[in-house]
Every structure is written in C-alpha cells, then in structure tokens.
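Engineer: here you go, sequence then predicted model.
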Amino acid sequence: EELEASLFEVVGLLNCAASNITDEERDELAEMNLKAGVKASENAAFDTAKVYFKAGREALGSRGWEGDYSTMLDLCSDGANACFLTGDFDSMNDLIEEVLSKDIDTKEKYRVSDIKVKSLLTMGKANESINAAIEFRRQLGLPTPQKKPASKFTIMREYIRVKSLLKNKTAEDIANLPELDDERYEMGERMNEHLASSLYRVEPKILPLVIFQMVITSLKHGLNSSSSPAFARLGMMLCGLFGKPHEGREMAKAAELIIKKPGMRRSITTTIFVTQIFCYHWTSPLQDTIAPLLEGFQIGLEIGVTDKACYCLVGRSYHLFFVGMPLGSIQKEVEATIHVMTQLNQGAARLRIILLLMTVKKLRGIEAEAGDESMDCMLATTASTGDVTLSAYVNLMKLEVYILFQEWREAI
C-alpha cells in the first residue's frame with residue numbers, strides 16, 4: 001500500500017538510476033512503469049502516462065519482445081492509446097506499426113488496431129478507417145458487409161430479420177439480455193462500431209447493414225459494450241429512414257438502460273451523442289438536448305474517448321444555433337470550442353465547428369479575415385475526401401445565409 005501511494009515518486013527515482021541495472025531489474029522497472037502509466041491513464045493524466053510507458057519500453061530495450069513479451073505488448077498498446085489521446089499521432093503510429101509487425105495472435109493486435117481505426121477517422125481519413133476495420137474483422141474470421149452501397153431490397157430484408165428477432169421486445173427486455181462471452185465477437189463488434197461512424201460520413205448506403213449486424217449479434221449472442229451504440233443507431237434509423245420516431249425512441253431508451261449495466265461505461269458518450277442528435281428531437285424540444293450533450297463531452301474527456309466527446313460538443317454548438325441563441329453568444333462559445341479542439345488535435349470535428357463560426361460571422365455581417373477558410377473551399381475538401389455529411393453541413397449552412405439575406409436564386 002505504501003508503494004502504491006508513492007508509486008509515481010518511486011518510479012521516477014528508479015528511472016533516473018536505470019543506466020546500470022541488470023536485465024532482471026530492467027524487467028521489474030518496466031513493469032513498474034507500466035503500472036504507473038496505467039494509474040496515470042485512470043486519472044486522465046495521459047501526457048504523464050505517455051512518459052511512463054515510454055520509460056518502460058526503454059527499460060526493456062531491444063530484448064523486450066523476446067524477453068518480457070507480455071509487458072512490452074502492454075507498454076506499446078497502452079502507450080499508443082496515450083499518444084492518441086494527447087494528439088501525438090506520429091508516436092502513436094510508430095507504436096501501432098511496431099505491434100502489427102509482430103508475428104502474434106490477431107487478438108493481441110486488437111488494442112492497437114482499435115486505436116488505428118478510430119485515429120484514422122479522427123484525422124478525417126474515413127475510407128482508410130473503413131478499410132482497416134473491415135480487414136481486422138476478416139482476420140478475426142467474422143462476416144463483414146462488402147464495401148459497396150446496399151440495395152433497398154437488401155436493407156429491407158435485413159430490417160425484417162431484425163424485427164423478427166426483436167419480437168416486440170421492450171427497452172427493458174433488451175437491456176436484460178444476457179452478456180456476450182465471446183471475446184472474438186466483442187472485438188468484431190467494436191470494429192463495427194467504428195465502421196458505423198465512418199460509413200455515416202462517406203458510405204451511408206452501407207451503414208444500415210452494419211447497424212443491423214450489430215443489433216442481431218446482441219440479440220443472438222448477448223450484450224457487449226458496443227450494444228448500446230448499436231441500439232441507439234437502430235433508433236436513429238427508425239426515427240429517420242423508416243419514419244417511426246416512437247419505435248426509435250424505445251430503442252434509444254434501451255441503449256440508455258444498457259450503459260447503466262456494469263462494464264458498459266465506455267459507450268456512454270457515443271450513446272449520448274447518437275440519441276440526443278438523431279433520436280429525441282423528433283418527439284421532444286431540441287432545447288432538451290443541450291445539457292445532455294455537454295455532459296457527454298465532459299464524460300468523454302474523463303473516460304478517454306476524446307473523439308466522441310468532441311462530437312457531442314459539435315452537436316451542442318449547432319443545436320444552440322438552431323434553438324435561437326444570440327449570435328454574439330454563439331460566436332464566443334464556438335471560438336472557445338475551436339480552441340479546445342485544436343488543443344485535442346480533433347481535426348474532423350474542428351472543421352465542422354469552423355463552418356458554424358463562418359456562418360455566424362456571415363449572419364452578423366463580419367467580414368472574413370485573410371487566411372479564413374471559405375465554404376466553397378470546404379466543399380472542395382469534401383469532394384476530395386468523399387465526406388458526404390460535411391458536404392451536407394456546408395450546404396445547409398449556406399442555405400441558412402442565403403435565406404436570411406433573401407438571396408433566393410442562390411438558395412434554389
């Protein structure tokens with residue numbers, strides 16, 4: 001207990017004296033750095049954690065993979081995650097590739113594969129993220145939809161399958177399903193969760209098949225930490241695509257009940273984002289989403305899902321705009337949000353917030369400054385990246401400006 005209380009101080013002192021120690025002592029020092037790094041991560045001190053994980057790898061040196069293999073894997077995997085959360089993408093990529101290059105079991109590559117997939121999406125490389133997620137599911141031996149738009153017939157066929165499996169289950173019935181006990185399926189569902197986020201941006205006609213696959217896995221094999229986002233996204237589809245907002249709200253309720261179960265907290269921010277952005281506004285005032293989205297951002301930072309946290313902030317900012325918050329107040333809020341996203345290196349989310357700032361400035365009659373990005377430049381970016389949702393955002397905000405200034409020809 002005394003060592004636990006002074007762990008950081010002890011490890012720091014030992015790291016300073018690490019130049020002349022035996023291999024056995026190096027193994028022990030690496031394990032202590034790993035422990036310190038994990039503890040720092042649990043306290044959301046990811047910059048500090050990164051230092052300990054690096055010191056642990058240096059303690060093991062070139063013999064790490066041949067000697068204390070398990071510790072080296074943890075140091076690289078946890079280190080890659082700390083680098084991702086602090087925006088150090090170059091170091092993150094080096095650690096990811098180091099693990100992926102090793103001749104080890106696919107399941108042992110899961111953690112860095114998970115980081116790789118979500119980091120690509122964070123950097124605006126949705127298509128690369130999709131390819132990486134699909135490839136990992138294939139390595140696990142799990143079925144994956146083809147990367148091509150699904151026909152209406154295929155979507156309806158899979159929807160009927162889901163409806164048959166649900167059999168009028170209530171939200172409570174769904175939340176009381178048994179838990180999944182197959183590690184391979186759980187890893188595969190995590191990849192599907194990332195796939196859903198990426199497909200929404202660039203290949204929305206494939207998205208329903210991934211959502212249906214996630215829901216079917218939960219219904220047939222048991223609940224897992226990706227089940228809550230799965231049912232939230234099913235709610236999104238029922239509200240929008242199928243025009244059944246009350247059924248969609250029931251699925252959103254199921255998602256919220258699932259995240260209250262032990263071991264599901266990782267998905268709370270994603271669940272808040274999906275339910276508050278895509279489900280509840282169909283049947284409740286948009287104003288009611290503002291506070292939950294801020295909570296989603298705060299929780300996301302606490303549990304280390306920075307990318308999803310920032311999208312809660314994006315959604316909140318747009319909702320403040322649409323509920324009629326004074327433009328001057330929105331501008332101050334948005335400028336502060338851009339600063340936060342710049343610090344967190346969240347490029348894709350930051351781009352959407354910059355768009356809102358451009359819109360607010362136009363509506364306030366504030367001239368663009370030299371170096372400011374234009375909406376037309378942003379549209380050109382979406383054309384090169386294939387980001388259809390960002391394109392929709394840009395056109396929507398251009399429409400807001402045209403209508404306010406009665407520029408009807410441009411609006412049409």
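Structural biologist: Done, it's in.

Engineer: quick one: low-confidence parts of the stretch 301-412 of the chain?
Structural biologist: 370-371 (pLDDT under 70).

Engineer: try it again at 80.
Structural biologist: Filtered on pLDDT under 80, the stretch 301-412 of the chain yields the residue ranges 368-373.

Engineer: and the strands in it?
Structural biologist: Using DSSP state E, counting those that start in this stretch, no strands are found in the stretch 301-412 of the chain.

Engineer: tell me which residue lies farthest from the centre of this structure.
Structural biologist: In the chain, the greatest distance from the average C-alpha position (C-alpha atoms, centre = their mean) is reached by N20, at 42.8 Å.

Engineer: helix/strand/coil for it?
Structural biologist: Using DSSP: H, G, I helix; E, B strand; the rest coil, the structure places N20 in coil.

Engineer: show me the contacts for L257.
Structural biologist: L257 makes contacts with A171, E172, I174, A175, as judged by C-beta atoms under 8 Å, 6 or more residues apart in numbering. Quick note: C-beta positions are derived from backbone N, CA and C, even for glycine.

Engineer: let's have these in CSV, adding distance to P229.
Structural biologist: Converted to CSV, those look like this (distance: C-beta to C-beta, whole Å):
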residue, distance to P229
A171, 15
E172, 19
I174, 13
A175, 14
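
Engineer: quick one: mean pLDDT over stretch 140-152.
Structural biologist: Averaged across stretch 140-152, pLDDT comes to 90.

Engineer: kindly report the same for stretch 238-257.
Structural biologist: pLDDT averaged over stretch 238-257 gives 96.

Engineer: can you show me the CA trace of it as PDB?
Structural biologist: In PDB, the C-alpha atoms belonging to stretch 238-257 read as follows (Å, rounded to 0.1, in the frame of the first residue of the first chain):
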ATOM      1  CA  LEU A 238     -36.200   4.100 -37.100                       C
ATOM      2  CA  CYS A 239     -36.700   7.800 -36.500                       C
ATOM      3  CA  GLY A 240     -35.300   9.000 -39.800                       C
ATOM      4  CA  LEU A 241     -35.100   6.400 -42.500                       C
ATOM      5  CA  PHE A 242     -38.300   4.400 -41.500                       C
ATOM      6  CA  GLY A 243     -40.300   7.300 -40.100                       C
ATOM      7  CA  LYS A 244     -41.100   5.600 -36.800                       C
ATOM      8  CA  PRO A 245     -40.000   8.100 -34.100                       C
ATOM      9  CA  HIS A 246     -41.700   6.400 -31.200                       C
ATOM     10  CA  GLU A 247     -40.200   3.000 -32.000                       C
ATOM     11  CA  GLY A 248     -36.900   4.800 -32.400                       C
ATOM     12  CA  ARG A 249     -37.200   6.400 -29.000                       C
ATOM     13  CA  GLU A 250     -37.800   3.000 -27.500                       C
ATOM     14  CA  MET A 251     -34.500   1.700 -29.000                       C
ATOM     15  CA  ALA A 252     -32.800   4.900 -27.600                       C
ATOM     16  CA  LYS A 253     -34.200   4.100 -24.200                       C
ATOM     17  CA  ALA A 254     -32.800   0.500 -24.500                       C
ATOM     18  CA  ALA A 255     -29.400   2.000 -25.300                       C
ATOM     19  CA  GLU A 256     -29.500   4.200 -22.200                       C
ATOM     20  CA  LEU A 257     -30.500   1.300 -20.000                       C
END
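
Engineer: now that stretch: buried residues?
Structural biologist: Under the neighbour-count criterion of 16 or more other C-beta atoms under 10 Å, stretch 238-257 has 238-239, 244-245, 247-257 buried.

Engineer: low-confidence ranges in the stretch 51-200 of the chain?
Structural biologist: For the stretch 51-200 of the chain, applying pLDDT under 80 flags the ranges 67-68.

Engineer: which residues of it fall in helices?
Structural biologist: 69-85, 89-100, 110-122, 126-139, 152-166, 171-175, 183-202 (DSSP state H, counting those that start in this stretch).

Engineer: among the buried residues of stretch 238-257, which lie within strands?
Structural biologist: Cross-referencing the buried residues of stretch 238-257 against strands under DSSP state E gives no overlap.

Engineer: circling back: in a markdown table: the helices of the stretch 51-200 of the chain, plus mean neighbour count and distance to N224.
Structural biologist: Formatted as a markdown table, those follow (neighbours: other C-beta atoms under 10 Å; distance: least, C-beta to C-beta, whole Å):
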| stretch | mean neighbour count | distance to N224 |
| --- | --- | --- |
| helix 69-85 | 23 | 19 |
| helix 89-100 | 18 | 23 |
| helix 110-122 | 23 | 13 |
| helix 126-139 | 20 | 15 |
| helix 152-166 | 14 | 16 |
| helix 171-175 | 18 | 13 |
| helix 183-202 | 23 | 5 |
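
Engineer: redo these as a markdown table? Include distance to E407.
Structural biologist: Formatted as a markdown table, these follow (distance: least, C-beta to C-beta, whole Å):
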| stretch | distance to E407 |
| --- | --- |
| helix 69-85 | 43 |
| helix 89-100 | 41 |
| helix 110-122 | 35 |
| helix 126-139 | 32 |
| helix 152-166 | 36 |
| helix 171-175 | 46 |
| helix 183-202 | 29 |
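
Engineer: state the number of residues packed around the nearest residue to D88 once chain neighbours are set aside.
Structural biologist: Excluding the flanking residues, the one nearest D88 by C-beta to C-beta, 6 or more residues apart in numbering is K50, at 7.0 Å. Other residues within reach of K50, judged by other C-beta atoms under 10 Å, total 24.

Engineer: show me the contacts for G222.
Structural biologist: L177, P178, E179, L180, D181.

Engineer: repeat for P178
Structural biologist: G222, L223.

Engineer: what's the answer for L363, then?
Structural biologist: L363 neighbours (C-beta under 8 Å, 6+ apart): L327, E400, V401, L404.
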